[in-house]
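Trainee: below is the structure, and that's it, no one-letter string:
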């Protein structure tokens, strides 16, 4: 009798708890990338994880030939960006990855799926959000933020693999992810020039004269120059390509070491 009497209250409490719980089944699920990426991004400070984004869709057969770089336009917004991409009221955007300034990284959409980050480039690209600002500066005495190089007197980042070169560990994490997809999808390891062409009509509306159509490592600002500038004029494209290339092509001494180990293994098998 006591169980029967309290059952309606228990049922109501259970229904309220379920209503307050996010519908995780509607969020993106991890895919075939995850095991290989977990093996690649294996430095303890990177804290690689997967948290499914709310928004994504099918590529409808389109191949990946580009990686689009964005900035979150803030410092310390790594967790906030992840939470926004998982927010139930967000019906407009997402990205494949979010990278913190200290190199931590969260995958939010598998590369087989289309994240919503760069309008007409979504079907063909991987979208990566970098924590930081798109507006750099060259005068060390002004007060504008600059994500992509050290400030005068700033304590060096202990995670930076090449301390003193002016770049941060988020760039190292980015290079590892870029190398993974350059290898997987044969994305050209180049930063093409140019941008979409556009103008405003007499009513002030944006009219796109020609969309951008280049493959490789592309800035969000090249795709939507009428409203975006990220990752900004100070972003070190050459350094990113150099770091990525070093991952894809081992140093001669390292390559010789692997070759020697392989030959020794074959000799032992023949013996």
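Mentor: That came through fine. What you see is a predicted model, and the numbers here were worked out from it, not measured in a lab.

Trainee: quick one: end-to-end distance for stretch 208-222.
Mentor: End-to-end distance for stretch 208-222, by C-alpha to C-alpha, to the nearest Å: 13 Å.

Trainee: residues in contact with it?
Mentor: 65-70, 117-118, 120-121, 124-125, 134, 178, 187-192, 194-199, 223, 226, 228-232, 235, 237, 240-241 (C-beta atoms under 8 Å, 6 or more residues apart in numbering). C-beta: built from backbone N, CA, C; applies to glycine.

Trainee: would you show me how to pick out the buried ones of the residues you listed in ChimeraX?
Mentor: Only the buried entries of these go into this ChimeraX selection, using 16 or more other C-beta atoms under 10 Å:
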select :65,66,67,68,69,70,117,118,121,124,125,134,178,187,189,191,192,195,196,223,228,229,230,231,232,235,240,241
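
Trainee: can you tell me the SS state at residue 209?
Mentor: The three-state assignment at residue 209 reads strand, by DSSP: H, G, I helix; E, B strand; the rest coil.

Trainee: tell me how many other residues crowd it.
Mentor: Counted with other C-beta atoms under 10 Å, the neighbours of residue 209 add up to 8.

Trainee: again, but for the one 4 residues further on
Mentor: Other residues within reach of residue 213 by the criterion other C-beta under 10 Å amount to 13.

Trainee: what about it, which SS state?
Mentor: coil.

Trainee: list phi and psi for the nearest residue to residue 49 once chain neighbours are set aside.
Mentor: Nearest residue to residue 49, sequence neighbours excluded (C-beta to C-beta, 6 or more residues apart in numbering): residue 106, at 5.3 Å. For residue 106, the backbone dihedrals (degrees, to the nearest 10) come out as phi -120, psi 130.

Trainee: one more: residue 213?
Mentor: In terms of degrees, to the nearest 10, the main-chain angles of residue 213 are phi -150, psi 60.

Trainee: mean confidence (pLDDT) on stretch 235-250, please.
Mentor: Taken as a whole, stretch 235-250 carries a mean pLDDT of 91.

Trainee: check which residues of that stretch are buried.
Mentor: 235-236, 239-241, 243-244, 247.
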